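A.B. asks: okay, structure incoming, though there's no sequence with it:
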């Protein structure tokens with residue numbers, strides 16, 4: 001199978017994407033990026049939110065200066081209204097680590113806007 005065919009298969013089969021992410025973590029458990037990718041995939045599955053959070057916290061534990069790890073954690077936490085304060089902390093940490101990244105500012109602004117609208 002060609003690389004592009006394999007990529008299309010992975011994009012179209014969420015279970016296969018999840019399995020590949022889990023395999024990457026198993027192969028390189030010290031790779032923070034693999035943990036973040038796994039967490040970001042799991043975020044899309046509300047039934048696996050606990051596993052997603054654990055994966056993202058593993059990424060942060062391995063690389064606490066990884067701004068995108070903090071952003072992914074904030075994204076997960078902001079999905080639950082009761083955890084919006086924790087999400088804000090995560091987004092602010094991402095901004096602290098990379099203040100020029102517009103996505104982080106956008107995420108923080110959207111979180112604050114939702115609070116005002118509630």
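C.D. replies: It's in. Keep in mind that this is a model prediction, so the values were computed, not measured. Numbers count the residues shown, from 1 in each chain.

A.B. asks: how about the longest helix seen in the chain: buried residues?
C.D. replies: When the chain is parsed with DSSP state H, its longest helix is helix 102-117. The neighbour-count check on helix 102-117 (16 or more other C-beta atoms under 10 Å) flags 104, 107, 108, 111 as buried. C-beta: built from backbone N, CA, C; applies to glycine.

A.B. asks: how about the contacts made by the residue nearest to residue 78 when sequence neighbours are not counted?
C.D. replies: Excluding the flanking residues, the one nearest residue 78 by C-beta to C-beta, 6 or more residues apart in numbering is residue 87, at 3.7 Å. For residue 87, the contact set (C-beta atoms under 8 Å, 6 or more residues apart in numbering) comprises 73, 74, 75, 76, 77, 78, 111.

A.B. asks: pLDDT weak spots in the protein?
C.D. replies: 1-12, 118 (pLDDT under 70).

A.B. asks: and the helices in it?
C.D. replies: With DSSP H as the criterion, the chain has helices spanning 3-12, 14-27, 32-42, 49-62, 67-77, 84-97, 102-117.
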